[in-house]
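**Q** mind folding the following:
(2 chains)
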Amino acid sequence: AQSVAQPEDQVNVAEGNPLTVKCTYSVSGNPYLFWYVQYPNRGLQFLLKYITGDNLVKGSYGFEAEFNKSQTSFHLKKPSALVSDSALYFCAVRDGGQGGKLIFGQGTELSVKP
Amino acid sequence: DSGVTQTPKHLITATGQRVTLRCSPRSGDLSVYWYQQSLDQGLQFLIQYYNGEERAKGNILERFSAQQFPDLHSELNLSSLELGDSALYFCASSVIGADTGELFFGEGSRLTVL
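**A** Got it, this is the predicted structure:
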């Protein structure tokens, strides 16, 4: 069965510092991986995805993610955090064998302090 | 704006009652997914429809049902409501279904059962 894990419930970063939100995955077959962000009382917004190709994927709002097959990881990164990046971040894997639904991790609360 | 519309945004009802949540997918998207987000369970996949037909089923209770109509909008029906059904219910859509594209999420319907 496909699954993703986000080992950290919360990540605290100072504004201007680099940030990393961790995600590991377990899939059979090719992994189709996604990152979403959720601001308070809002829906999920798509940030980026890895399907194939370059292991470094660039997405919205300056975010990028690094796909590492040997470590089965797909960590979300940003070189310089903003206070406005504070939100809930979800890693997800596409379940191609079951209609293509996304299976989400538990989420990581990112807090960026001035 | 993702292009996915959900109504109502907020709903307060009593135990034992029945409610209907509505979702209009993005123009041209054939696949609709329903998710439940609660504090203790995270984001749980409920059910998926593709062009009017049920495609995949997740952790959906027997008290819950859904359908997708010919105009592609979808409704999630929740009956015999319990306190534990209080949650944020999201609808998402994608062009096809079991492909590599991302899902686009609505803003959600917040259900409170008293």
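**Q** from now on I want contacts and neighbour counts done on CA atoms only, so please keep to that.
**A** OK.
**Q** if I pick the spatially closest residue to residue B:35 that is not a sequence neighbour, what's in contact with it?
**A** Closest residue to residue B:35 apart from its sequence neighbours, by CA to CA, 6 or more residues apart in numbering or on different chains: residue B:45 at 4.5 Å. By CA atoms under 8 Å, 6 or more residues apart in numbering or on different chains, residue B:45 lies in contact with A:101-103, B:33-36, B:57-60.
**Q** sort out which residues of the helix or strand where residue B:45 lies are buried, please.
**A** Residue B:45 belongs to strand B:42-50 when assigned by DSSP states H and E. Buried residues in strand B:42-50, defined by neighbour count with 16 or more other CA atoms under 10 Å in any protein chain shown: B:43-50.
**Q** measure the most centrally placed residue in chain B to chain A for me?
**A** Nearest to the mean C-alpha position of chain B, by CA atoms, centre = their mean, lies residue B:34 at 3.2 Å. Separation of residue B:34 from chain A (CA to the nearest CA, to the nearest Å) stands at 10 Å.
**Q** buried ones in the strand or helix carrying that residue?
**A** Residue B:34 belongs to strand B:31-38 when assigned by DSSP H and E. Of all the residues in strand B:31-38, those buried under the rule 16+ other CA under 10 Å are B:31-37.
**Q** wait, which of these is closest to residue B:3?
**A** Distance to residue B:3, by CA to CA, is smallest for residue B:32 among these, at 12.7 Å.
**Q** which residues does the closest one bridge with?
**A** residue B:49, residue B:93 (DSSP bridges).
**Q** do I have it right that it meets residue B:95?
**A** No. At 9.1 Å, residue B:32 and residue B:95 do not qualify as touching, with contact defined as CA atoms under 8 Å.
**Q** re the thing from before, my guess is the residue nearest to the centre of chain B contacts residue B:94. True?
**A** No. Between residue B:34 and residue B:94 there is no contact under CA under 8 Å: 11.9 Å.
**Q** re earlier: just the pLDDT at the residue nearest to residue B:35, thanks.
**A** On pLDDT, residue B:45 comes in at 94.
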